[in-house]
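Asks: Next input, structure requested:
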Amino acid sequence: MSSACGRHRCGQEAAQIGSARALRPQDFAFPSYRDHGVAWCRGVDPTLLLGIFRGSEMSGWDPHEHNLALPAIIIGAQTLHATGYAMSLSLEGLVGSGDPERDAAAIAYFGDGATSEGDVNEALDWASVYQAPVVFLCQNNHYAISAPTARQTRVPIAQRGDGFGVPGVRVDGNDVLACLAVTEVALQRARDGQGPTLIEAVTYRMGAHTTSDDPSRYRDAAEVEAWKAKDAIDRIRVLLEAEGTEPDFFTALDHEADELGARLREFCQQIADPDLAQWFDRVFVETPPELEQQRDEYVAWRSSLEVPA
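Replies: Numbering: from 1, shown residues only. Next up is the predicted model:
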């Protein structure tokens with residue numbers, strides 16, 4: 001990430017990049033719909049994300065190629081997916097052998113709002129009971145959609161793991177190196193067969209939750225300005241400059257970011273509308289008769305709207 005991206009910063013870059021860089025090739029990540037930084041670290045071209053969000057593609061990449069699941073839209077569901085996958089790692093003997101190229105773990109990414117969902121609590125319970133090799137990484141950006149964390153929990157999110165027997169740790173989510181270090185330890189615990197860990201990365205969402213959101217309704221400008229001073233990208237830049245990184249490095253990085261932004265905008269504008277009829281054939285491996293009938297009815301209705309040449 002570069003300083004040129006400042007006007008587009010989400011505020012959660014450090015939590016995503018730092019934790020994702022702790023993953024080994026055999027580890028499997030289960031992201032939410034915001035974790036583009038994780039996809040980047042797993043080698044997924046950003047253009048492959050666009051079709052999913054435009055609704056023109058069912059998926060953008062082969063999850064097995066990148067060991068990255070498709071982003072979960074249902075809030076918190078990915079924690080159950082990660083737990084189930086982690087349990088299978090244990091059953092297949094891919095945990096605790098001491099072989100760094102063999103032992104594997106799973107990691108699930110979610111926000112503070114997801115911790116109020118039953119899925120997350122169920123996942124913590126199952127992971128604890130079965131000592132599943134999974135890391136739960138919560139990016140606590142303070143507001144879920146608009147509800148402050150104080151209205152979601154009376155204790156820090158990291159402490160909520162105690163009730164399930166899952167150790168928790170709180171980390172500065174705007175410190176990329178701290179996120180890297182904490183996640184490395186948690187993942188290694190999982191690979192060694194010591195079970196799950198809950199990480200609470202305390203960060204802040206700099207922008208609106210969605211394009212229809214007005215964050216000024218539930219938080220004040222002074223709070224936002226205070227968090228701008230803790231910006232993850234600015235902090236790592238200060239560190240790199242203090243260690244003698246040449247200015248040309250940052251100039252080149254800014255240029256790379258600008259080129260990437262231009263490529264993504266151009267690609268997004270060229271995405272073709274999908275053939276909606278194909279979705280009927282992608283619900284089940286073998287399309288049942290009732291779906292075939294619905295597909296045929298849709299195609300007939302669509303054809304009736306076409307204007308003769």
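
Asks: how about the helices in the stretch 201-309 of the chain?
Replies: Using DSSP state H, counting those that start in this stretch, the helices of the stretch 201-309 of the chain run over 221-228, 232-242, 247-269, 289-305.

Asks: what packs against the third one?
Replies: When contacts are defined as 3 or more Cβ pairs under 8 Å, 6 or more residues apart in numbering; DSSP states H and E, helix 247-269 sits against helix 47-54. All C-beta spots, glycine's among them, are computed from the backbone N, C-alpha and C.

Asks: Could you list the single helix or strand in this protein with the lowest mean pLDDT?
Replies: helix 47-54 (a mean of 89; mean pLDDT, DSSP states H and E).

Asks: Just to check, I157 is in contact with F136?
Replies: No - using Cβ atoms under 8 Å, I157 is not in contact with F136; the gap is 9.8 Å.

Asks: between the two, who's got more neighbours?
Replies: Neighbour totals were compared for I157 and F136, and F136 leads with 29 against 22 (other Cβ atoms under 10 Å).

Asks: Tell me who's in contact with that one.
Replies: 79, 82, 107-108, 110, 120, 123-124, 127, 161, 166, 196-199 (Cβ atoms under 8 Å, 6 or more residues apart in numbering).

Asks: Figure out the helix or strand that it lives in.
Replies: strand 134-140 (DSSP states H and E).

Asks: List the neighbouring strands of that strand plus their orientation.
Replies: strand 106-111 (parallel), strand 197-202 (parallel) (DSSP bridges).

Asks: Minimum distance to P100: which of the helices of the stretch 201-309 of the chain has it?
Replies: Ranking those by their distance to P100 (criterion: Cβ to Cβ) puts helix 232-242 first, at 27.0 Å.

Asks: Show me where the stretch 101-250 of the chain dips below the pLDDT cut-off.
Replies: Residues of the stretch 101-250 of the chain meeting the criterion pLDDT under 70: none.

Asks: what's the straight distance from one end of stretch 189-205 to the other?
Replies: Using Cα to Cα, to the nearest Å, the end-to-end distance of stretch 189-205 comes to 29 Å.

Asks: sorry, back to before: what's the closest of the strands paired with strand 134-140 to A15?
Replies: Nearest to A15, of the strands paired with strand 134-140 and by Cβ to Cβ, is strand 197-202 at 3.9 Å.

Asks: Go through the strand holding F136 and flag the buried ones.
Replies: V134, V135, F136, L137, C138, Q139, N140 (16 or more other Cβ atoms under 10 Å).
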